[in-house]
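Chemist: have a look; sequence and predicted model below, questions after that.
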Amino acid sequence: MLAFPGVFKGALDAGARRITEGMKLAAAEAILSVVGDELAVDKIVPSPLDPRVAPAVAEAVAAAARAEGVTD
């Protein structure tokens, strides 16, 4: 739920031909970066409604797609 909107937006923005493991890892790291200093026992992942999540994931996924050369 946290990753999918940003994963697909990032893949589409980059023109990726497929979703790679590196892109999935980039999405997970982007989600972690949103939590950042707020990380606590009761707050491991951000809220699905946090407006920072999808843009952060999309940017990370697009960058990973470009770096891996899976873009058109």
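Modeler: Nice, thanks for sending it over.

Chemist: for the helix or strand encompassing residue 8, buried residues please.
Modeler: In the assignment (DSSP states H and E), residue 8 maps to helix 4-14. Buried residues in helix 4-14, counted by 16 or more other C-beta atoms under 10 Å: 6, 7, 8, 9, 10, 11, 13, 14. For the C-beta atoms, the positions are set from N, CA and C on the backbone; glycine is no exception.

Chemist: closest one of these to residue 49?
Modeler: Using C-beta to C-beta, residue 6 comes nearest to residue 49 of those, at 13.7 Å.

Chemist: list the contacts for the closest residue to that closest one other than its chain neighbours?
Modeler: In this structure, residue 6 finds its nearest non-sequential neighbour in residue 57, 2.6 Å apart by C-beta to C-beta, 6 or more residues apart in numbering. Listed by C-beta atoms under 8 Å, 6 or more residues apart in numbering, the contact set of residue 57 reads 2, 3, 5, 6, 7, 9, 10, 27, 30, 31.
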